[in-house]
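Asks: Any chance you can model this:
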Amino acid sequence: MKIPSRILPIIVLSQFCCTSLWFAGNAVMPDLLMEFSLGAASLGHLTSAVQFGFILGTLSFAFFSIADRFSPSKVFFFCALLGAIFNLGTLFENNNLFSLIFFRFLTGYALAGIYPVGMKIASDYFEKGLGRSLGYLVGALVLGTAFPHLLKAVSTEIELAWRWVIYSTSILTLLGGILILFLVPDGPFRTRRLNKDFGLIFKVFRNTDFRSAAFGYFGHMWELYAFWAFIPVILSFYKQTNPSANFSIALSSFLIIGLGGVACILGGYVSEIKGLKKTAGSALFLSGICCCFSPVIFFLDSEILLICFLIFWGLVVIADSPLFSTLVARNVDPDARGTALTIVNCIGFSITIVSIQLLNYISAEISPAWLLIFLAPGPVFGLLALFRNKNLKT
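Replies: Numbering: from 1, shown residues only. Okay, the predicted model is just below:
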């Protein structure tokens with residue numbers, strides 16, 4: 001069956017637009033702290049609020065098998081609409097830490113119907129070349145996640161208010177939802193689940209191959225979002241300890257996170273030659289090495305070396321993400337694929353809260369130069385889970 005050439009580009013563009021919500025708060029965090037008189041620890045709380053909302057959202061979506069029972073395109077649109085509205089709540093003048101956490105939580109909840117549902121839509125169209133397709137899709141997620149940092153850098157340069165970042169990401173999100181609703185109907189390989197199965201989120205884990213892919217993904221997630229969340233903290237610390245350093249924290253954060261989208265796309269192509277398991281394992285191994293050597297980079301006292309190292313880390317830390325999602329999709333029954341992808345995202349993002357809050361706590365006790373070394377157990381766990389199973393379907 002010939003798939004219209006517009007489908008993948010539209011899914012990718014929509015995913016980019018909608019996932020710009022994710023770090024919209026982080027990109028303007030210094031402004032939020034100043035505007036609403038918040039403490040430094042609010043960074044971890046506000047970031048975790050998005051993750052926690054995403055977790056509860058994915059858990060409820062998986063429990064009710066939303067993406068397998070209803071039109072994924074319509075689910076995507078309505079969640080994009082709600083996410084755009086909740087994101088605007090950040091702009092209320094009388095906000096405090098509690099209300100900001102609440103709005104970021106609701107934004108995260110809406111993202112549960114965007115990121116995993118977008119992968120479900122792609123898997124309903126592309127049975128062959130799914131790794132490559134999800135590489136583009138997760139690449140769009142990465143670029144969307146980094147995009148608010150670029151908006152912040154531009155707004156600072158031309159002296160626009162931080163609110164411009166929030167307005168822009170909400171408009172982009174609404175646009176992404178509209179594109180999916182009107183231009184991407186349900187895919188030809190979609191298998192609809194007619195009945196509710198509240199136990200499905202447990203049944204999928206009885207599959208040994210599925211567990212191996214999922215546990216590899218969990219190790220990857222321990223590292224990923226904590227790394228992304230603390231990039232501005234690490235760069236800010238370096239500038240404080242090296243007054244001669246001359247780089248933009250916002251622009252550097254965008255490059256470190258955003259260039260990872262290129263790695264996702266390249267990883268999808270490489271996996272078709274080397275295999276999903278080997279390619280994902282190589283990226284996870286390299287990011288684990290970066291965790292272990294991260295303190296050394298601070299003591300070499302070179303801002304060019306620091307930025308290059310973090311860009312390389314930003315490439316390998318995300319390159320395996322679409323590959324793990326592809327492994328999950330391939331090692332589960334088609335009529336449970338949406339639920340499987342959603343519950344794996346749910347657990348994976350639950351893990352990110354633990355790692356983010358761990359770094360948030362430790363950052364008050366030790367020098368930020370040593371902070372990222374605590375992410376190393378994630379890649380170790382993921383590699384063990386991935387390579388213990390010799391029969392994983394790739």
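
Asks: In this protein, what helix or strand scores lowest on average pLDDT?
Replies: helix 200-203 (a mean of 76; mean pLDDT, DSSP states H and E).

Asks: which outside residues touch the helix or strand where residue 165 lies?
Replies: Per DSSP states H and E: residue 165 is located in helix 163-183. Outside helix 163-183, the residues that touch it by C-beta atoms under 8 Å, 6 or more residues apart in numbering are 6, 10-11, 13-18, 20-21, 24, 27-28, 73-74, 76-81, 83-85, 87-88, 90-91, 114, 118, 121, 147-148, 151-152, 155. For every residue, glycine as well, the C-beta is placed using N, CA and C.

Asks: rewinding a little: what packs against the helix or strand following the least confident helix or strand of the chain?
Replies: The C-terminal neighbour of helix 200-203 among helices and strands, as given by DSSP H and E, is helix 208-241. Applying 3 or more C-beta pairs under 8 Å, 6 or more residues apart in numbering; DSSP states H and E, one finds that helix 208-241 contacts helix 42-63, helix 249-258, helix 276-299, helix 303-319, helix 321-330, helix 337-362, helix 377-388.

Asks: ranking those by burial, who's on top?
Replies: Ranked by mean neighbour count, the helices and strands packed on helix 208-241 are led by helix 321-330 with a mean of 27 (mean count of other C-beta atoms under 10 Å).

Asks: Pull the distance from that helix to the chain's centre.
Replies: Its chain's C-alpha centre and that of helix 321-330 lie 14 Å apart, by C-alpha atoms, centre = their mean, to the nearest Å.

Asks: Only alpha carbons, please: show that helix as CSV.
Replies: Provided in CSV are the C-alpha atoms of helix 321-330 (Å, rounded to 0.1, in the frame of the first residue of the first chain):
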residue,chain,number,x,y,z
SER,A,321,15.2,6.9,22.0
PRO,A,322,13.4,6.2,18.7
LEU,A,323,15.2,2.9,18.5
PHE,A,324,13.9,1.8,21.9
SER,A,325,10.4,2.9,20.9
THR,A,326,10.7,0.9,17.7
LEU,A,327,11.8,-2.2,19.7
VAL,A,328,8.8,-1.7,22.0
ALA,A,329,6.4,-1.4,19.0
ARG,A,330,7.8,-4.5,17.3
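
Asks: follow-up on the earlier one: nearest to residue 207, of the helices and strands packed on helix 208-241?
Replies: The closest of those to residue 207 is helix 337-362. By C-beta to C-beta, the value is 9.0 Å.

Asks: The closest one vs helix 377-388, what angle?
Replies: 150 degrees (axes from the mean of the first three to the mean of the last three C-alpha atoms, to 10 degrees).

Asks: Now do helix 337-362: which elements does it pack against?
Replies: By 3+ C-beta pairs under 8 Å, 6+ apart, helix 337-362 packs against helix 42-63, helix 66-69, helix 115-125, helix 200-203, helix 208-241, helix 321-330.

Asks: Quick one: mean pLDDT for that helix?
Replies: With pLDDT averaged residue by residue, helix 337-362 scores 86.

Asks: That one versus helix 42-63: what angle between them?
Replies: Using the same axes, to 10 degrees: helix 337-362 against helix 42-63 is 160 degrees.

Asks: And helix 337-362, how far out from the chain middle?
Replies: 10 Å.

Asks: Now do that helix and helix 208-241, the angle between them.
Replies: Using the same axes, to 10 degrees: helix 337-362 against helix 208-241 is 30 degrees.

Asks: just to revisit the earlier point, contact partners of the least confident helix or strand of the chain?
Replies: Contacts of helix 200-203 (C-beta under 8 Å, 6+ apart): 62-63, 65, 197, 336, 339, 343.
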